[in-house]
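Peer 1: what follows is a predicted structure for the sequence shown.
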Amino acid sequence: MNKYGHLKSGTDVRGVAVGANITLTDEAVRAISSAFVKWLSNKSGKTAFKIAVGNDSRISAQRILNCVKEGILSSGSDLVYTGLSSTPSMFILLKKSDMRCDASVMITASHLPYDRNGLKFFTPDGGLDSPDIDEILSIADSGDFLSGSGNYSEKQFMDEYSDLLVDTVRKSCLSDTPLKGKRIIVDAGNGAGGFFTEKVLKPLGADTSGSQFLEPDGYFPNHIPNPEDKNAIDSLAKAVHKYGADLGIIFDTDVDRAGAVDASGKEINRNRLIAMLSAILLKDKKGVIVTDSVTSDGLNSFIASLGGKHLRYMRGYKNVINKCKELNADGIYSPLAIETSGHAAFMENYFLDDGAYVITKLLISLANLKDGEKLTDLIAGLPEPVESDEVRISFSEPDNFREKGASVIKDIEKLVKEDKLLRLSSDNFEGVRVNFCKGEGDGWFLLRMSLHDPVMPINLESSSSGGNKIIAEKLLYMLSRYTFLNTENLYKYIHN
């Protein structure tokens, strides 16, 4: 592995950017930024580019920006700084802005703690894939960069991006102020999503009083800016109750993910969010909804009841998006790729995972409700599990953990095939998913490898109270033979 390989995180570059143990150093950021320019040159044959750069609210943003600036300008390319931006806007500007940029870089580490930061890269074809990041890091390690003297300028794009969202809702609702009479609360978690109140909701006529944590603050003092975080959702639900809102909206730090809370305070997240977006899309045209591997059996049957097809695929939002693109390229209509984490990419929006665009789809449905109707009526037929949990076990001997994990999964598949009470899931692309009949747990577990870490996440779901622990006990017995696994967390889950 080259000296910057440890900074790879899926399809991004991420590291510690604050404190005594910084890994995303000035040297690394300069080298990787220069390498991105060289990578663009290798792909296009050109030697100079115009590259847009934006950032979220993290406290290390200015330091990282300065280093990105040095790397790009010293490679002979121009840099346009867009200021505080959302990650999706950095791609949309390549499609719809008059800046005429060739590529863009977003300085963000999504929902990770305040001391982390990173780089996300876009071309007009979309976000880079994992092999692209490998190439860039290899170039950074080699030091084989272009040289020159580029120009620096500043131009924000968020107003224009917001106008595009507003226009989407207005055209769909045939009204300039379709949200008039609706109170909608935004929780931006002190990330980059505060723009949504003033620049999207208010122009559409919504009352946004009660919105919270809109001011950018890279320490994230109120809660983690993560739609999956229970404290964050609970905080939003309290605000919805307090102000009698019709809808609550929550974004992650860089606004590529979103979640919501309905008027009763119940979250629209994970399987519920996937179900709602599926109901909206499949009403117009039947097709395939591509999700990650941990979605529920109830979601599967719900999508089928809408006349659609549900394809569970591998975790990793780029994996899900690429599968959706592949289906469409093969002539199979697939309008949505979405992870339970909230990454959702619509075919109609360039397959871009954009939390703000997700919310526009909910706003259109909210605006079009008739008297007495509720947004959650869209998912009234969704069967929901009684229990749903995740437990993560680690490797006590982390050497060659991927090979060890693969052997565990293979062994469990063999054990299940020999047990008449258990059944392997037929629609699983990742790890091992095992179904348990009623009386034996009444649900399933999915054991898989983490995308990045020496960890095996276990997802559990049951339609019966206490079913998850029954399933977990059987899985713990299966795992007890592996001395290189630390199953303490699974044991605690069962006995707490």
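Peer 2: Okay, I see it. Residues are numbered from 1 along each chain as shown.
Peer 1: now the strands for the stretch 301-450 of the chain?
Peer 2: In the stretch 301-450 of the chain, strands defined by DSSP state E, counting those that start in this stretch lie at 309-312, 336-338, 344-346, 352-353, 387-395, 422-424, 432-436, 443-447, listed in chain order.
Peer 1: pLDDT weak spots in this protein?
Peer 2: Residue ranges of the chain with pLDDT under 70: 1.
Peer 1: okay, helices next: where are they in it?
Peer 2: 26-44, 61-73, 87-96, 130-142, 158-173, 195-196, 230-243, 270-282, 297-305, 317-329, 355-367, 401-417, 467-479, 488-495 (DSSP state H).
Peer 1: who wins for proximity to residue 210 among those helices?
Peer 2: Set against residue 210 and scored by CB to CB, these come closest in helix 230-243, at 3.4 Å. C-betas here are computed from N, CA, C, even on glycine.
Peer 1: what does that closest one rub up against?
Peer 2: 183, 185, 187, 189, 209-212, 222-227, 245, 247-250, 259, 261-263, 265-267, 269 (CB atoms under 8 Å, 6 or more residues apart in numbering).
Peer 1: among those, name the buried ones.
Peer 2: Applying 16 or more other CB atoms under 10 Å to the contacts of helix 230-243, the neighbour count classes 183, 185, 187, 189, 210-212, 222-227, 245, 247-250, 259, 261-263, 265, 267, 269 as buried.
Peer 1: against residue 43, how distant is residue 283?
Peer 2: 40 Å (CB to CB, to the nearest Å).
Peer 1: got it, and residue 366?
Peer 2: Taken as CB to CB, the span from residue 366 to residue 43 is 42 Å.
Peer 1: kindly report the same for residue 293.
Peer 2: 32 Å.
Peer 1: is the closest residue to residue 152 other than its chain neighbours bridged to anything, and to what?
Peer 2: Residue nearest to residue 152 in three dimensions, not counting chain neighbours: residue 79, with 5.3 Å by CB to CB, 6 or more residues apart in numbering. Going by DSSP bridges, residue 79 is paired in beta bridges with residue 51, residue 152.
Peer 1: go on, residue 8?
Peer 2: Beta-bridge partners, per DSSP bridges, of residue 8: residue 13.
Peer 1: please name the residues that touch the nearest residue to residue 153 once chain neighbours are set aside.
Peer 2: Using CB to CB, 6+ apart and skipping residues adjacent in sequence, the residue nearest residue 153 is residue 80, 5.3 Å away. Counting by CB under 8 Å, 6+ apart, residue 80 touches 50, 51, 52, 53, 99, 101, 153, 154, 155.
Peer 1: same deal with residue 467?
Peer 2: 386, 387, 436, 441, 442, 443.
Peer 1: and those, which are buried?
Peer 2: Using 16+ other CB under 10 Å, the buried ones in the contacts of residue 467 are 387, 436, 441, 442, 443.
Peer 1: any figure for the gap between residue 430 and residue 321?
Peer 2: Taking CB to CB, one finds residue 430 at 15 Å from residue 321.
Peer 1: and these two? which has more neighbours close in?
Peer 2: residue 321 (24 against 20; other CB atoms under 10 Å).
Peer 1: any idea how far the more buried one lies from residue 121?
Peer 2: 15 Å.
Peer 1: before we move on, what about residue 318?
Peer 2: 12 Å.
Peer 1: shared neighbours, the two?
Peer 2: With CB under 8 Å, 6+ apart, residue 318 and residue 121 have common neighbours residue 127.
Peer 1: endpoints of stretch 3-12, how far apart?
Peer 2: 16 Å (CA to CA, to the nearest Å).
Peer 1: can you list the buried residues in it?
Peer 2: 4, 7, 8, 9, 11, 12.
Peer 1: separation between the most centrally placed residue in the chain and residue 271?
Peer 2: For the chain, the residue nearest the mean C-alpha position is residue 343 (3.3 Å; CA atoms, centre = their mean). Separation of residue 343 from residue 271 (CB to CB) stands at 14 Å.
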